[in-house]
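Undergrad: sequence and predicted model, in that order:
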Amino acid sequence: MKNVKRTLSMVLALILALTLLAGCGEQKETTPAGTQGGNTPVETTAEVAKNYKKKIVIGVANPMTDDDPQGLYDNMHATMVNLSHNQLLTYNFEKRELEPELAVEWKAEDAKTYWFKLRQGVKFSNGEEMKAEDVQFSFTGREKLLTESTQSATFKKIESVEIINDYEVRFHLKTGDADFLTRMYIQTFAIVSKKACEADPNKGYYVGTGGWKMTDFVPSDHVTYQRVDTSWVWDRDGYIKGINPTEELELRYQPEASTRTAALEAKQIAANASIDMAEYDVVSANKDLEITLLPAEVLDYLIINMNNGVAAKDDNLRLAIAYALNIDEANAFAQEGLAKKTLTIWGSSQYGYFDDFENKLEFNLDKAKEYMSKSKNPSGVDFKLYVTNNYEPMATLLQGQLKKIGVNVIVKQTDKAGMAEVVKNGEHDGIFMSITLQAIGDRFHFVCNPNSATNRALYENPEMLAKFDAALQEVDDAKRKELYKEIQIELNEVKPYIPFFYEVLVVGKNKGVEGEQFLPDNKPDYTYIRWAE
Amino acid sequence: MLKYTLKRILLLIPTIIGISLFIFLAMEAASGDFVSTLITEEMTDEEVHALRASYGLDKPVLERYVDYMWNLLHGDLGTSYTSRMPVMELFMQKIGNTTMLAVASTIVCILISIPLGIFAARHRGSIFDNISNVLGVLGLSIPNFWLGLMLIVWFSVQRSWLPPGGNDDGILSVILPAITVGTGHTAILMRTTRSAMLDTLRQDYLRTARAKGVSERKVINVHALRNAMIPILSVALTQFAGCFGGAALTETVFGWPGVGKMVVDAVKQRDIPLACGTLIMKCIIISLIGLATDLLYVVVDPRVKTQFASAKRGKRNG
Amino acid sequence: MEKTINATAAVKKEDPEVVLSIKNLTVQFKIEKEIVEAVNDVSIELKKGKTLGLVGETGAGKTTTALAALNLVPNPPGIIKSGEIRVCGKDVLHMKKKELEKVRGYDIAMIFQDPMSSLNPVFTVGYQIAESIRIHNPGMKKEEAFEKAKDMLEVVGIDRARANEYPHQFSGGMKQRVVIAIALACDPQVLIADEPTTALDVTIQAQVMDMMRDLKEKYGTGTIMITHDLGIVAESCDDVAVMYAGRIVEQGTLDEVFNDTRHPYTEGLFNSLPNIKNRAAKLHPIKGLMPDPTNLPKGCAFAPRCKYATDACRERQPSTRHFSETHIVRCTAYDDPDFMIERSRKS
């Protein structure tokens, strides 16, 4: 207690000294490649002469909570699975087709039966070769998937997986599912090693065929991967060949968008696939970063409560609202005008996309007022609009737009969990939110299904539901697309949903980073990422 | 003194019961539950019900509460809904980081507040006193969030002196978050130091010391400070304990993997066992720090020390 | 009866017998634009082994004079306007800090009025005594100094085993003994005791006074006993100086001041003492109040309350008169050769 001041001064001096030392330390890392091997100035394609970082950190916006590749399905966990595991098929968003992954040939024999021929010579990270028994195990061998996986509905549909030989399987489904093949690209349908899972029922699922193996998992903090040199992905047609020079990868949870951007700018992280649109100006001006605007498979739309909401039994009110919405203004406000507008809720890469409607919705204030005067409350009506945090500014914008026709929007904010309660109790007149789109045609089955937990419009339409069911059983391509076209036309007429636009993702990476795949479904694949110094 | 310590530890029990009951009821009152966060478009109502049952969330709140407390009695803090890992394990992973931040923040706070407070007290009424007062209030009013981001911009982005977050770089990573949390506390500690010093500087025993021939430096730094330290340390330790409760915002901004952020995430995801278990552990830690602070008084202030001793031995004052 | 001696009595400059010499000391306090004239042209001389009683009411300037002797007057707001103070011949007002620290506690020591607050509560009494010893004996080891501290405790009548106890474990009288032990630890030549027994009750007071007398005999310390209690002065002092409004109005030997009182104020002090022989008699306090030190009258400060005051008294500062070599009085009334105060007439 005597010489408190002296001790404190010493600690301060120590801290300062360490800071200075560390300052010296940092400079070493940025030694230019040229001084390493004494080579002549390097071409960007001549990888041999470059010096690559051994460890790369990538900042992510959402927490990692589940280490089971077949468990939780969302952007974050799909990103994780992309590194460590593979599926039977993969989806090419540009071409809108399925492409081979662990299966090289496939056929839909009928709505309930599907045949796959497997790729040979694919090794798991434990050295074992992937064979038909692993595929069978992945789909039917893990009981918990029937209850704990978010894709449990599909797992439950599988009656059995028939092993024809080491490299051929046949799926037998209980009910027809025309989307089954398309579903196979979803990360949750990863192929795990039967031997590994039986040897270690707790963590055997870590073993996959991907280029990376998970080594450290701290929930809501980070997950690290070590490179698997024997993986087939390093010799895959259409992708960068050769073993990735990066040895260690870390996905780090950085919840605060500004911090994530700062980390990118400070070169702490190599890539950031979720840069806030608000920071687009700042990052695009930074010469050390490469920023891309990626049209995403995410739809922003307005959901109307068709059951007990104020616009439920009032078609004119709904039309009035639809015409009063200035989607261009919303686009300019939230997406810098860069988003692609859409007239249908279907994703642009989704099976069965149709938008050539006769009555195309356009912003028209006069028409809106006309419909409003014909509605049940021509003098004005209250409209409870629910949003989650990030869409609160948009809600305020819409409030201003709808005020012009006498609709008094009351903005109510809640979080993800709260929203489910709101829907359950039917407290809303409308919800503005986004939905992640998928390639499968049946994606929107829930929109008219009274039994669905996510039918936020509380919309019931038995005929439409029957069409969805029929489409799922329909193997004929043309017939199937016709059904979806009819559904979309009807949705456009009734308007339980008013689609706005597909969000634009701002993705960024540091100069010298290559091999990253920022995909439109916001589930990037970092398998091939490397960073030349 | 042992009896006193035991009594304080026993007081933890009603505190824990109170806190856990509060969490359960509060989460219940909040709309939605954990399963609401899991619902995807493919699921039907029955599937949602089944999922709810698998987590035991279909049982009434008091029944779940009793189950939880029963497990707690056996030292089991429960299993997190989101990660399905034991809460104790999750807590242990992160408590070290929060402790490091708490220690660093308190050091930053002490290093700024105490010298400034002493100086302000000695030059009371001067312009320096007023400036440091203003700075203190500034530290209190600046939102942590903003300060944290600004520090990142100045020191990590514009100049690469310090890392922008995470805790890879050991002591370097903790500097900016510690400054962010520490400046918020400096106002209070500086004020405390100032008034403690002013109070002490008035005391007659300093005059006695000077009359003995003690040098002015020693009069301030030994005779005065030693007395002023008692309330100062008490406040500093209380702030240290507070770091364990709060700092969630700073941890979020810097991506600092601590328990503050963990609780906030748990509440957002309606992960009751994680939220409850973490808060119980935090409460225990804070209470223990409080107990340590009170016991420190015994060590540091002879008047309290002899109170215990004489109470024990029934000694009369001379 | 009186002799008028030349006012400027020659003072032996380098008298080794004089351990404390205060000459023409003027101390003022500047508080928020007002100037408090606390000490006005005070001169005191203390000889080795003697006790000088400094008497006066509260606010007379006694403590300030004492503090000045150690150069302990708090610098804002106190200013020593003029004067020379020598402790054992050393000029304390113009010394460097380090030298001053050596003098304090070693050549001159002071004990203060309230023992309750004079001791630092977080250090043991042994430590506080030993600290003084160690400061003035730089080479000495801690343990040795502590032993000496224990010796001092015995000297003041406290069990040496209590050296490790804290001040709050002692009663008021014991605390004051500790304070005295600290003061005398280095055997100073000058001891200033500022109302050392005022805060204690009467029985303890007697004990402490007895002890101080014994110590004075044992150590031969020159003492200034500041007090407002004439009884204590009678018991312990060799010489007396009476202060009023920052001035010394009368000074002389104990016998001179008590039995040949000359100044009206001193008379007033004696008159206000209760008479033990006549308990039913009314008390006679001095009428009026001490003047406001920020606004002292231009004439004699006591004039407003003095029953003998003349116009001359109110006009100018009182003249200094020697009634003997040691008996000095400052009173204009004595310009009239026939003037006598009542107390003088009685005797």
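TA: Structure's in. What do you need? Numbering: from 1, shown residues only, chains lettered A, B, ... in the order given.
Undergrad: buried set for the helix or strand residue C:180 falls within?
TA: Assigned by DSSP states H and E, residue C:180 belongs to helix C:172-184. Neighbour counts over helix C:172-184 (16 or more other C-beta atoms under 10 Å in any protein chain shown) mark C:173, C:174, C:175, C:176, C:177, C:178, C:179, C:180, C:181, C:182, C:183, C:184 as buried. Any C-beta I mention is one placed from the backbone N, CA and C, and that applies to glycine too.
Undergrad: how about stretch C:105-123?
TA: For stretch C:105-123, the buried set under the neighbour-count rule, 16+ other C-beta under 10 Å, comprises C:105-115, C:117-123.
Undergrad: take those and keep only those in helices.
TA: Counting by DSSP state H, the part of the buried residues of stretch C:105-123 found in helices is C:115, C:117, C:118.
Undergrad: near chain B, from those residues?
TA: Intersecting those with the surroundings of chain B, defined as C-beta under 8 Å from any C-beta of the partner chain, gives C:117, C:118.
Undergrad: out of the ones in helices among the buried residues of stretch C:105-123, who's nearest residue A:506?
TA: Sorting those by how near they are to residue A:506, with C-beta to C-beta, puts residue C:117 at the top with 68.8 Å.
Undergrad: excluding sequence neighbours, find me the nearest residue to the closest one.
TA: When the adjacent residues along the chain are set aside, residue C:117 lies closest to residue B:204, with 4.0 Å between them (C-beta to C-beta, 6 or more residues apart in numbering or on different chains).
Undergrad: can you get me a residue count around the one you found?
TA: 16 (other C-beta atoms under 10 Å in any protein chain shown).
Undergrad: same question, residue A:453
TA: A total of 25 residues lie near residue A:453 under the criterion other C-beta under 10 Å.
Undergrad: over to residue B:19. Which of the three states is it?
TA: Taking DSSP: H, G, I helix; E, B strand; the rest coil as the rule, one finds residue B:19 in the helix state.
Undergrad: next one: phi and psi at the most centrally placed residue in chain C?
TA: Averaging the C-alpha coordinates of chain C gives a centre point, and the residue nearest to it by C-alpha atoms, centre = their mean is residue C:226 (3.3 Å). Dihedral angles phi and psi of residue C:226 (degrees, to the nearest 10) take the values phi -90, psi 130.
Undergrad: that one bridge partners, please.
TA: With DSSP bridges applied, residue C:226 shows beta-bridge pairing to residue C:54, residue C:194.
Undergrad: my guess is it contacts residue C:62. True?
TA: Yes: with the criterion set as C-beta atoms under 8 Å, residue C:226 and residue C:62 qualify as a contacting pair; they are 4.7 Å apart.
Undergrad: any shared contact partners between these two?
TA: Shared between the contact lists of residue C:226 and residue C:62 (criterion: C-beta atoms under 8 Å, 6 or more residues apart in numbering or on different chains) are residues C:54, C:194.
Undergrad: in contact with residue 122, which residues?
TA: If you meant another chain, say so; for now it's chain A. If you count contacts by C-beta under 8 Å, 6+ apart, residue A:122 has them with A:86, A:102, A:129, A:130, A:209, A:232.
Undergrad: wrong chain, I was asking about chain C
TA: For residue C:122, the contacting residues are B:226, B:227, B:230, B:300, B:301, B:302, C:166, taking C-beta under 8 Å, 6+ apart as the criterion.
Undergrad: how about the first one, nearest residue that isn't a chain neighbour?
TA: It refers to residue B:226. Counting by C-beta to C-beta, 6+ apart, residue B:226 lies nearest to residue C:122, which is 5.3 Å off, once chain neighbours are set aside.
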